[in-house]
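[1] this is the structure alone, sequence omitted:
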């Protein structure tokens, strides 16, 4: 909402003792976020008031005119293209040499052979409003030759009002608050109106007071609407963001901006029959609204109807048919309260937002409804003339009573809530000055009963009043204290520490942590198995690109790989720790994962040409080293992809060389190479991807209680062993045979470490070379004893077609 | 032999230095004898002392001592220089280059800046006794809105544009992507008894188009303290502590001000708090005097907070006359942007390693 400081000042003259800065700062601190501040009139010193004396067609251009103007002293000619000018029109004029507030410099120049000394200006060019359709039509109250600045200087503050504060959607509401803040007196708005005629009036009916607890209708006859209102009114309307249309529309907008309460004016000559009914719409009923669109209504909408058809959607928009025009003579003014929730539902369903609906869906005040009606009548009679007919106020008295709810307060409670001593005066000031009542006061105990102002139905709890007190006192008055915080229950941070440990592990081996959106596209989810049943779809996505919850971390990491590749970074180690989301058996799951992606040739360790190659052993190492560090014992699967044996979540045809790490038949991790042709990434390097099922691993770690094992006191002995391995034997088979052997021979000496140091394959022969560490916990192993174990091991291995290399 | 004057002593020194400068290795012994020998220049000076008065003897004696020591040390330095032969010099030069070659690069990775800031925020509140509570990101409308005093047909719902999931409605309303971590506050208050002191970090979602300051997916840390006698002033204290912890070294640098002035609080509106406040922190660029970054206000908008709304307390079966509490919501991206002076939120989610490397 846009506020004019001049307007505020007019309503509350006491504000003149405060600077603009103080007023604006007070508005901000009272809870109205500042969106924008504009200083009108800046740079308008040289824009003068002129009158048009004569208009001729430009001899050389059809769309231009030669305009003779006067500033009261001299007469001169300008070239003008605007269509809205007329003889005797008073308009703003800028001489050559003037720089307009929008940066435009006026220069003396020839327009189609004819010299133009300056320019007649539009509202938009002077930054006085949005209208750029024609030259500003100022009106007769201007003195020719004077600077326009004098008439238009103002400061416009655009604020956003909290959703619960309908009482401050007009200038009056803000003034009331400023008065309290600055200790000024602002009398409540009251007006009396005398009905002058008692002509036959409409048969007025509100079908159900729950849809419209209050309906004021009044009519004025024999008025005029074919002129322009004084400039100051039109100026205020336009600087506050609305357009000047005709006097009646302008008056209703002026009242809306001043009071915050929307009123509606019907042209009674266009109403059919003798009835005005406020009712629920019929299903399928149609209305052609003021915005030129036809809307189909339903039982959930409220309409104002004449004897035949709806003439307005209540609180939202009027009909085209019954709207006022220049020729309007007789009118019906409506000021009402409508069911807030119904207005909101209707405007949402129909997709209309108007100044009226914006206010009605937030609510409206009982007293302000009266005041807005009075004010409209007053202004119409003042400017448009006419005679006032009946003034009818249909109200639901029960509803009115229900607004007067007692609220019990205790000042000690409020003081404790705020952390500052609150006094009776603080309470009285906000309650009384905002229009509420004190019905009971017991200073000793601090107990009070108040009736909240009818503009503040949001006062329900003591806390609501506490906020008002703190708001007007100023939050800077509240000290900074420290709460008494204690913990009786310990916090379980095992999972968090575990995650941290894994994240740090990845960073320590050179991976960069990435964070991606957890939304992705259908195409990206298609890379995952069972995507059709598992995916979770957003019903109102902003774009296809982010229309589903991610089923895997792969798609995000792949995006990152492409982003970096596009900026010439092809050597990448990336990981992300985050959730994946899927539904299975009607249950929604959010599962913690770590995904990691590797591409590029190799990692240089130093300039001495020491490198680590990025290959399948690298990515295996990432998982296996971590599991070793964590003490996780696992089994390895090498699923046949073409037989669909895999448990990993990526599609089988997307991957190659899959290795799965499992515990008790449950997958806890996998690594694989990505088939680049399937993801349309052109790169000379292979792409490897792996994932850790963090939730499952955390569960295992939780139960892994570590126990100290006594340190060995005797030296170990190393023996190397070169073996020829038969077909279908995996490396871990060899390791397991050795481990089992060791476990069965603990008394003679165990094998505490097995390390591969060579691998050789040619034709049918596969050789591996191992380095073994032997140790006996009870004594020093002799050469002879070691040899004995060693040969016994060779013997054992040979039973499994693993022979000593020949 | 010239007279014993200060001027002459100085002259002798200068002559010695100039002779030493161009000297060759084999000449150094001759020079040493000429000055320090039995018939050397120094010796001669001492001999002259005998004819002077006691007072002058003392004065010049000391001066000659000093001069002698000085010349001797210059001579020794030269001797040391000569003692390095060409071969040793060469070895040293080579070693210098070799030593200066870069050490082994371990190519460590980097923790994402958002994660770093998140960890920092969590540790600040942990130190104050707050526990971390986690909750689902896919939430029920009831927890995300209704229980937080945001009824279905209230304009307050428009404050947070919501992403809905394509799933059947439940008895607790539609299924939504949480628009804040507040539903976790509801879950916490429903499952625990006061005193409750917890922070709720996590991802949240809004139906906002991507630009430099808006994201449909971002991170929050909300905080909650519910107990008897929790005051608004306590909220100020805790949040000032937070601002001082994260930004204090910047804001309070070269300043004598207390933590009272690191921030200011303004009236605001959130349906789930009453009173509701906006916390601005002192601008770290201009330290409060006004500049472009803070739009000349001296303050930068930081977070929203307030006292837990009585309606919310009732919704989780706590009596608002007995219990009070405060809550706040911190945008992790916002804090990270302010801390590292990042001007575009999208950078966090692009994961360009040239960006990640900087943190």
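    Perfect, thanks for sending it. Everything quoted here is computed from the prediction, not taken from an experiment. Numbers count the residues shown, from 1 in each chain, chains lettered A, B, ... in the order given.
[2] residues in contact with stretch A:689-704?
    For stretch A:689-704, the surrounding residues in contact (C-beta atoms under 8 Å, 6 or more residues apart in numbering or on different chains) are A:494-495, A:498-499, A:502, A:552-554, A:557, A:577, A:591-598, A:619, A:622-623, A:626, A:630-632, A:648-650, A:655, A:663, A:666-674. Heads up, the C-betas are built off the backbone N, CA and C, glycines and all.
[3] what's the answer for stretch B:233-248, then?
    Applying C-beta under 8 Å, 6+ apart, the external contacts of stretch B:233-248 come out as A:418-420, A:475, A:478-483, B:120-121, B:124-125, B:128, B:223, B:225, B:251-252, B:259-260, B:262-263, B:265, B:277, B:279, B:281, B:284, B:302-303, B:305-307, B:326, B:328, B:330, B:335, B:338-339.
[4] which residue packs closest to whichever residue of the stretch 101-250 of chain B sits closest to chain A, ignoring adjacent ones?
    When distances are taken as C-beta to the nearest C-beta, the stretch 101-250 of chain B reaches nearest to chain A at residue B:233, 2.7 Å away. Once flanking residues are discounted, residue B:233 sits nearest to residue A:419: 2.7 Å by C-beta to C-beta, 6 or more residues apart in numbering or on different chains.
[5] if you count neighbours, what's buried in the worst-scoring helix or strand of chain A on mean pLDDT?
    Within chain A, no helix or strand scores below strand A:602-606, which has a mean of 71 by mean pLDDT, DSSP states H and E. For strand A:602-606, burial by neighbour count (16 or more other C-beta atoms under 10 Å in any protein chain shown) applies to residue A:603.
[6] for stretch A:33-45, the distance to its chain's centre please.
    How far stretch A:33-45 lies from its chain's middle: 27 Å, per C-alpha atoms, centre = their mean, to the nearest Å.
[7] ditto for stretch A:653-669
    Centre-to-centre, stretch A:653-669 and its host chain are 41 Å apart (C-alpha atoms, centre = their mean).
[8] where do the helices of the stretch 401-550 of chain A begin and end?
    Taking DSSP state H, counting those that start in this stretch, the helices of the stretch 401-550 of chain A run over residues A:411-418, A:424-433, A:462-473, A:494-508, A:522-525, A:531-534.
[9] what stretches of the chain score poorly on pLDDT?
    In the absence of a named chain, this looks at chain A. A:188-199 (pLDDT under 70).
[10] you answered for a different chain; I wanted chain B.
    Ranges of chain B meeting pLDDT under 70: B:1-2, B:85-87, B:252-260.
[11] what's the single longest helix in the chain?
    Because you didn't say which chain, this covers chain A. Ranked by number of residues, the top helix in chain A under DSSP state H is helix A:366-384.
[12] hm, I was asking about chain B
    Chain B, longest helix under DSSP H: helix B:54-83.
[13] where's the residue of the stretch 101-250 of chain A found nearest chain B relative to residue A:431, distance?
    Here the residue of the stretch 101-250 of chain A nearest chain B is residue A:162; by C-beta to the nearest C-beta that distance is 3.1 Å. In this view, residue A:162 and residue A:431 are 20 Å apart by C-beta to C-beta, to the nearest Å.
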